[in-house]
Each structure stands twice: as C-alpha cells, then as structure tokens.
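*Asks:* Sequence first, then the predicted structure, then my questions.
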Amino acid sequence: MSSKKTKKKKISIEELVTLPLHFFATPGRFSGKIAFVSNKTKRTELHMLDLNSMEFSQLTNGEYPQTPLGFHKWAPDDSFILFHKDPIPGNEKNDIFSISVPEAKVVQLTNTPENRDDLGEVSHDGKWIVFSSDRSGGITQLFRMNVDGSEIKQLTDHVRPVAFWYDFVISPDDEWIAYAANESEILQNLDVWIVKRDGTEKKKLISVKDGSQDIAVAWSQDGSMLLFGSDHAGVEQTGVYFMKTGETKWFSNGINPELPMTFTIDAKRIVVRRDVDAELKLLMYEIDTGKEAPLRVPAGSTGGRQITADGKHLVVGHQDSTHRMRFLLYDLAVNTYEEIIPAEYGQFTPEDFHPDEYVNYESDGVTIHALLYKPKALPSNKKFPAIIMPHGGPTSHYIRLFDAFAQVLVEQGFVLLQPNVRGSTGYGVEFRDACLNDWGGKDLVDIEAGVNYLRSLDFVDSNRIGITGGSYGGYMTFIAVTKKPDLWKAASAYVGITSLKHMYDKTLETFPALAYYLEEQMGKPETQEVLDLWEDRSAVNFAENMTTKLQIIHAENDPRCPLEQAEIFKDRLLEAGKKEGEDFEYIVLTDEGHGSMDIEKRTRMFNYLVEYFERTL
C-alpha cells in the first residue's frame, strides 16, 4: 500500500491575515455568558459564548471599533456591556458606548470629538460609571457619570495625567475608586491613590518608595484587601494591602517580573502572571501561607484575570509561536481546563508554522535576549537574508506568542530577529530604565550587536540585512539608518518618530499624556542640555547620512506618532538630494491610526512590507 507525501501548505499573507482573531474574552457577572472580540466576520465585532449551551452569537454589527484599545465591561446584572470607540478610525478620541444584552441596542454615552474618554468600571449597584478623560485642560483625570451618560462629574484634579493605561477599580461598597497617579517630582514614579465616589477625600494610599511604580489592580470581594503591583524591589512583584491595618504582604519569587491579575472570589488566593524567558506563565499564591502553585496549562504565553461569577473558573488566553490565540476555562478546584473558544486555523495546522527560538547575544557587556525565527529547512549551501525588528514602546518586550507577520516573513525566506534591547520590560527595573534619557544610545548599540549576531549565523547572508519596526520600533529604524547607515541593505519604518521635539509639541495639543511619557523617558525639554539631547537623538537631523533603501509607511489618523513625523523626514531627504521612488518610498495609509485590527488594513500593511523586502533584500 503506497501513500503520497502531503505537500506543505504555503503560508500566504491573505490566507493568514484573514484567519479570525479572538481576544478580550470577559465573563458576565452571573449570566453564564462570555463576551469576546473577534473579526471572524471580516470586521472586528463583539461576540457571545453561552457556557450553558456552548452556542456562539454576534452582538454588534458595525458599531464596534476597528481596533479596540481596551476591555469591554459588563453591567453587574449583565443587562448591558460598555465599550469605547473612536468615531474616526485610529484617532483614539474615544467616546463611551453602551450595548444592551441581548437586544443589542447601542447608545452613545459621551460625545467629545476633541478629547479622549477611556472606560473604567461600572459600579456594583449598576448606577454609575467611572472613566478617565482629558477633557479638563488636557490633563487626564477621573470622572463619574450615570449609566445613561448624564450628570458627569470630575473626581480628581492631579497636576499630571492619571495613569489611564492601568486599571481604576471601584470598591465593593461603591464608596472608593483606586487608581494610579503621580504627584512626585520623579517623573517615573506612580503611587496608588483612592478617591470617594463624589470626588472627596482624595488621598495617596500606597507609595512603597520614591520612584517606584505602584499600580492598583483589584479589590477583594469584601473590600478588606487591595491587590496591587510594585517594582520597588528592582523587579515587579505583587502586594496585598490590608485596608484595616495599612499593612502589605508581598508575593514574589524575587527573580522574575510578576504582575497581579485578580483575587479568587473567596479572597483566599491571588492569580499572578510571571514573566520567564519571554513566556508569560500564570500561577496562584495562597494569601495566608504564601504558597505558590502554577496553573497547569501548556507552555507559551498565557493571560487571565477574569473569574466567572460562581468563582469556580478562570478564563485563560493561551498562545505560542505556532499556536494561535485560544481561550480556556480553567477549573480552579481540580486544575484542569477545557477549550471554549478555539483558535482558527483554516487550511493550516500548527505544524505548518515556524517556531521561534529564544536566543541571546552580548552587547557592550550586557546580555540581550531575543526571539529568532528561521526557515525550517536550512540547506547547507544557501544563505538567507535577515531582518531585525525592534519592538514598540520602548517599555514593552517581545514575548512568545503567535506573530502572523513573523510567520509570513519566514515563509518568504527571511530570517527574523526580535531583540529585547535595553529599555525593554521583562528583565527588571535596571534593564527597563537603562535607556532613560538615552533613546538612540544603548538601545542602538544593542541593535548593532544584534546585526553582528545575525552575521555569526552560517545560514545568514551578512550582506543582506534589513531593519523594520513600528512606533518606537519605527523610531529605532529611522535612527539606525541615519546613525548606523552601513549596517543595512534595506529598511522600512512604520508609524515611526523622526523628531522628538516636534512630536512633543504636537502631542501637547493632541495627546497630552503621551507628551508626559516623553518627559518621563527623555527629560523635560526646558533646558539647553535636554534640547541638545533631543536634537541629537532625532533622525530628521541626520537624514543626509542615509545610504540604504528606505520605505516610510505612516497612517493619516495616528495620534501617537503624528503623520508630520513622516512628512518632515521625507522633506529632509528631498532637501538632501534623495529621490522619492529611487532612494526611498513614501506611503500614507488612509482611514487608519497607530495600527489596525481590520483585516483589509492588516493585509494591505503586510503586503507593503513583504513585497518591499522581497525587492530590496
């Protein structure tokens, strides 16, 4: 009996990008339903899973944002769900919306076209909502409104933006709201504050030490404890703050960053996410004894902070480099799980994809960790072009997850290196803060060391190395081609930064919290010393040095890295005698902001990048 060998399926951009993505799975408070976001209909929509019948349904039909910026929130009686949306796709001027369940009637609760409203939580009595907004003089503060959008009241008046990118959580008795803010002169500092529901008695609750970043995460169900995170010990760890005594109990292995997720319903345990070698692992600590126990889920990257209302299960998201995102229902009593929202693979299987490899290399005496993707078949007589991809942030890092763009690039015959250079999270505070006031400094040294690492691999063609990245990764791409031009044969910068001062001045008007982040990272541009540093670390001032081919891609609605960042670099290249279409390419993405989950837009973006590197590398 003979059999034919199955031919490997070619991974195409269109087929891979059109595979549905599922994310933000959130259980209702009592109904046995899970609301999650998916683009299975070719557009990002809110969907439902009924855990009793295991039937799926679609809730929104065009009302959900193309690129959601955060979790949706259930009402306490599961009668409606809140979400926020930017009416102009990608400009992040969010308004808050409510959708009834199951009727699917959508109501717009806020209408601030020039400001950003970000959703917090619904009160436990279901009568009011806490949210953040920069509608008060451009500085993001906390606000409260009724669930119908009426009677909006400002609750805080901090001199700097409240940390809206972290949680602000309502106590079980609906009396207090806990959140993170900074009144210290140390710009990197964050403390846990609380304020009463009427805006009175605002006070700093937790400040572990000057300069530490302390963030509130969750209240215990009886309100006696507050779960928070802090990096005061040089590595992120979890604390439980006892409201009655003011004491804190710490939970950490002291080695790896650990971020608090949630309390169990009985408040006897906490769920924590540990970062180990670019894998995110869930574990639980017993509050009384400090005993830890890992969740028994496969290796890879997991997340889970949503516990079902009966307290029995944790909703866990899981993925790795060859397995796409799926959701599991984890039984906290017996430590088993079942898959409830499976990953979508279409014609593919996980075996069709290219696994990552966790590697490291030395840079100026410092060990840099990275993810390396390479073709499965490596003929001894062939050398492959390689691309290095700095990540966004910079306070971010590459983790071991399913990366569709990496899969497409490797399938097309490229080697890909994703380094966690100095300035990245995931390796402790000292490593994270190594590039404060030094963007384009030590991080660029680490990028160059990454090139040398690639050149040391016998399957890499050392004469065909490119670089690409978006946001801060785009900043690094621009800096790399102007400060280290001889390293590259081709480069592509996506929604990048070319002039720090220009971006600062622009975001002071359009996104003040981002201007504050720039101050935190690179100093206040008030002295000549800081201004000189910003000029030296802005690629626009060195555009004439560029010798490689460059593709510039930017989005017209991007509020984080405004389109002008690309425009001024293009103008400087032209002034330097560079020719568009010959020395560089310039592409503006319409109807898009700082990235998109829309399938058509993702396909467009992937095609631009892959086609470019196929031509130039």
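*Replies:* Cool, got the structure.

*Asks:* State the next helix or strand along the chain beyond the strand or helix carrying residue 261.
*Replies:* Residue 261 belongs to strand 258-263 when assigned by DSSP states H and E. Later in the chain than strand 258-263, the nearest helix or strand by DSSP H and E is strand 269-276.

*Asks:* Run me through the strand neighbours of that following strand, direction for each.
*Replies:* strand 258-263 (antiparallel), strand 279-286 (antiparallel) (DSSP bridges).

*Asks:* now the helices: where do they sit in the chain?
*Replies:* Counting by DSSP state H, the chain has helices at residues 13-17, 404-411, 429-432, 442-455, 472-483, 500-510, 512-522, 528-536, 564-575, 599-616.

*Asks:* can you give me the offset of the strand holding residue 261 from its chain's centre?
*Replies:* The chain centroid and the centroid of strand 258-263 are separated by 17 Å under Cα atoms, centre = their mean, to the nearest Å.

*Asks:* Check stretch 481-491 too.
*Replies:* Stretch 481-491 sits 27 Å away from the centroid of its parent chain (Cα atoms, centre = their mean).

*Asks:* Can you read off the pLDDT for residue 134?
*Replies:* Reported pLDDT at residue 134 in the predicted model: 93.

*Asks:* Leaving out the residues flanking it, which one is nearest to it?
*Replies:* In space, and not counting its chain neighbours, residue 134 is closest to residue 140: 4.6 Å by Cβ to Cβ, 6 or more residues apart in numbering. In short, each C-beta sits where N, CA and C put it, glycine included.

*Asks:* ok, now which ones touch that neighbour?
*Replies:* Counting by Cβ atoms under 8 Å, 6 or more residues apart in numbering, residue 140 makes contact with 116, 118, 132-134, 161-162, 164, 512-513.

*Asks:* per-residue confidence for it?
*Replies:* What the model reports for residue 140 is a pLDDT of 94.

*Asks:* Residue 292 too?
*Replies:* Residue 292 carries a pLDDT value of 96.

*Asks:* Give me the distance between it and residue 252.
*Replies:* Residue 292 sits 10 Å away from residue 252, going by Cβ to Cβ, to the nearest Å.

*Asks:* quick one, strands of the stretch 251-400 of the chain?
*Replies:* For the stretch 251-400 of the chain, the strands defined by DSSP state E, counting those that start in this stretch occupy 258-263, 269-276, 279-286, 292-294, 301-307, 313-319, 326-331, 336-341, 356-363, 366-373, 384-388.

*Asks:* Looking at the strands paired with strand 269-276, which is nearest to residue 437?
*Replies:* Taking Cβ to Cβ, strand 258-263 is the member of the strands paired with strand 269-276 nearest to residue 437, at 25.8 Å.

*Asks:* Quick one: mean pLDDT for that closest one?
*Replies:* Mean pLDDT, strand 258-263: 97.

*Asks:* contacts for that strand?
*Replies:* For strand 258-263, the surrounding residues in contact (Cβ under 8 Å, 6+ apart) are 217-221, 225, 227-229, 235-239, 251-252, 269-275, 282, 303-307.

*Asks:* swap in stretch 380-387?
*Replies:* 374-375, 378, 409, 413-417, 454, 457-461, 464-468, 489, 613, 617.

*Asks:* try 7 Å
*Replies:* With contact meaning Cβ atoms under 7 Å, 6 or more residues apart in numbering, stretch 380-387 is reached by 375, 409, 413-417, 454, 459-461, 464-468, 613, 617.

*Asks:* Could you turn the buried ones of those into a ChimeraX selection?
*Replies:* The buried residues among the contacts of stretch 380-387 can be selected in ChimeraX (16 or more other Cβ atoms under 10 Å) with this line:
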select :375,409,414,415,416,417,454,460,461,464,465,466,467,468,613,617
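
*Asks:* taking the contacts of stretch 380-387 one by one, which sit in strands?
*Replies:* Mapping the contacts of stretch 380-387 onto strands (DSSP state E) picks out 415-417, 460-461, 464-468.
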